[in-house]
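S.K.: Below is the sequence, then the predicted model.
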Amino acid sequence: MLLLHGGFGTVEDFSSQIPILAKHFKVVAFERPGHGHTADNKEPVSFVTMSEYTSISSKRWGLGRRTSSGGAMGQSSLFFSPFLDQIRSSAWFA
């Protein structure tokens, strides 16, 4: 399960959910450039750019088709992307 934080969030947003989800899924949570604890990013923030980072990272980690859950901005980036075929299912939260 890929966890995507909401706008300008951090992986700590999932600190209580990760131990529970990890009992049933391989869980991956990361911060996209310009968010959370990452360095400042000069690129403009866009759903397409965020989806590209997510896709590249997911491929690097060998996630294949995956279930995704997360905040509105993180999840929205999936649907503005040419990589939608990589998502098996998706759950949003606000």
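M.R.: Sure, I can see it.
S.K.: Counting neighbours, what do you get for S90?
M.R.: Neighbours of S90 under the rule other C-beta atoms under 10 Å: 16. Any C-beta I mention is one placed from the backbone N, CA and C, and that applies to glycine too.
S.K.: How about the secondary structure of it?
M.R.: The three-state label given to S90 by DSSP: H, G, I helix; E, B strand; the rest coil is strand.
S.K.: Leaving out sequence neighbours, find the closest residue to it.
M.R.: Leaving aside its sequence neighbours, S90 sits nearest to S68 (C-beta to C-beta, 6 or more residues apart in numbering; 4.9 Å).
S.K.: got a pLDDT number for that neighbour?
M.R.: Looking at S68, its pLDDT reads 77.
S.K.: Could I get the contacting residues of it?
M.R.: 1-4, 75, 78, 87, 89-91 (C-beta atoms under 8 Å, 6 or more residues apart in numbering).
S.K.: Against E43, how distant is it?
M.R.: Computed as C-beta to C-beta, to the nearest Å, the S68 to E43 distance reads 22 Å.
S.K.: if we can go back for a sec, who wins on neighbours among the contacts of S68?
M.R.: L4 (28 neighbours).
S.K.: surely that one meets S69?
M.R.: Yes - between L4 and S69 a contact is recorded at 7.5 Å, counting by C-beta atoms under 8 Å.
S.K.: where does this structure have low pLDDT?
M.R.: 33-39, 71-75, 78, 80-83, 92-94 (pLDDT under 70).
S.K.: From the centre of it, point out the most distant residue.
M.R.: Distance from the C-alpha centroid of the chain, by C-alpha atoms, centre = their mean, peaks at K42 (19.8 Å).
S.K.: Provide the secondary structure category for that residue.
M.R.: Secondary structure for K42, judged by three-state DSSP, is coil.
S.K.: count of neighbours near S16?
M.R.: 8.
S.K.: ok, it to L3 distance?
M.R.: S16 is 12 Å from L3, by C-beta to C-beta.
S.K.: C-terminal to the helix ranked longest in the chain, what's the next element?
M.R.: As assigned by DSSP state H, the longest helix anywhere in the chain is helix 47-60. On the C-terminal side of helix 47-60, the nearest following helix or strand under DSSP states H and E is strand 66-70.
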